[in-house]
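below are the sequence and a predicted model; questions follow.
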Amino acid sequence: MEIPKRKRNRLKNYDYSEPGVYFITICSKDRKWLFWDVGASSARPGSTSHFSRIGYTIDEKIHCISQMYRYIKVDNYVIMPNHVHLLLSYFYSNNGRALLAPTPSISHVIQQFKGAVTKSTGISVWQKSFHDRVVRNEKEYRFIYEYITNNPFKWDEDSFYIQS
């Protein structure tokens with residue numbers, strides 16, 4: 001019996017420490033509803049009143065990303081009951097000169113983010129790895145930005161929707 005080959009998580013031959021825009025999705029362990037309070041069924045973008053304690057911690061750690069990594073900007077994000085979407089712009093400029101220090105990969109940034117949430121909450125809340133998409137153009141960027149913004153309104157239609 002032949003074992004099926006696992007699909008690659010990342011683009012082949014792509015340098016994830018290069019400037020670009022990345023759409024990241026990180027799921028909770030076993031896709032459990034951990035990030036919203038029990039009974040919360042919808043939320044307004046920008047509102048945090050529906051967050052669980054873990055959701056508040058995730059929100060806090062997302063705001064730390066741009067502070068920790070000066071070349072990464074969180075353009076948009078949403079914390080859903082069992083997953084998080086991030087739209088990250090990774091850029092660097094040193095007056096047109098090359099940087100002397102190596103830049104971290106997106107995988108490193110997400111690993112550090114997930115670790116900070118785990119350390120702060122005291123429990124492992126994350127599924128292994130994450131999904132990424134390299135945003136290729138302005139049209140795709142706008143589509144993803146709107147998708148993230150509207151995700152809470154369409155939660156019951158979401159591909160990650162699982163009844164709590």
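Everything's here; your move. Residues are numbered from 1 along each chain as shown.

below-threshold pLDDT in this structure: ranges please.
1, 3-17, 38-48, 92-102, 155-164 (pLDDT under 70).

now do the helices in it.
53-68, 106-121, 138-150 (DSSP state H).

for these, give me CSV that also has mean neighbour count.
Where C-beta positions appear, they are placed from N, C-alpha and C, glycine not excepted. Shown next, in CSV, are those (neighbours: other CB atoms under 10 Å):
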stretch, mean neighbour count
helix 53-68, 16
helix 106-121, 17
helix 138-150, 14
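
in a markdown table: these, plus distance to W36.
Output for the helices of the chain, formatted as a markdown table (distance: least, CB to CB, whole Å):
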| stretch | distance to W36 |
| --- | --- |
| helix 53-68 | 6 |
| helix 106-121 | 15 |
| helix 138-150 | 16 |
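
tell me which of those helices lies nearest to L87.
Proximity to L87 (CB to CB) singles out helix 138-150 among those, at 5.9 Å.

now for the closest one, which elements pack on it?
strand 72-79, strand 83-90, strand 131-135 (3 or more CB pairs under 8 Å, 6 or more residues apart in numbering; DSSP states H and E).

ok, K32 - how many residues close by?
For K32, the count of nearby residues is 14 (other CB atoms under 10 Å).

how about the nearest residue to it, chain neighbours excluded?
Nearest non-adjacent residue to K32, counting by CB to CB, 6 or more residues apart in numbering: N82, 6.1 Å away.

that neighbour against S28, yeah?
Yes. When contacts are counted by CB atoms under 8 Å, N82 is listed as touching S28 (4.5 Å).
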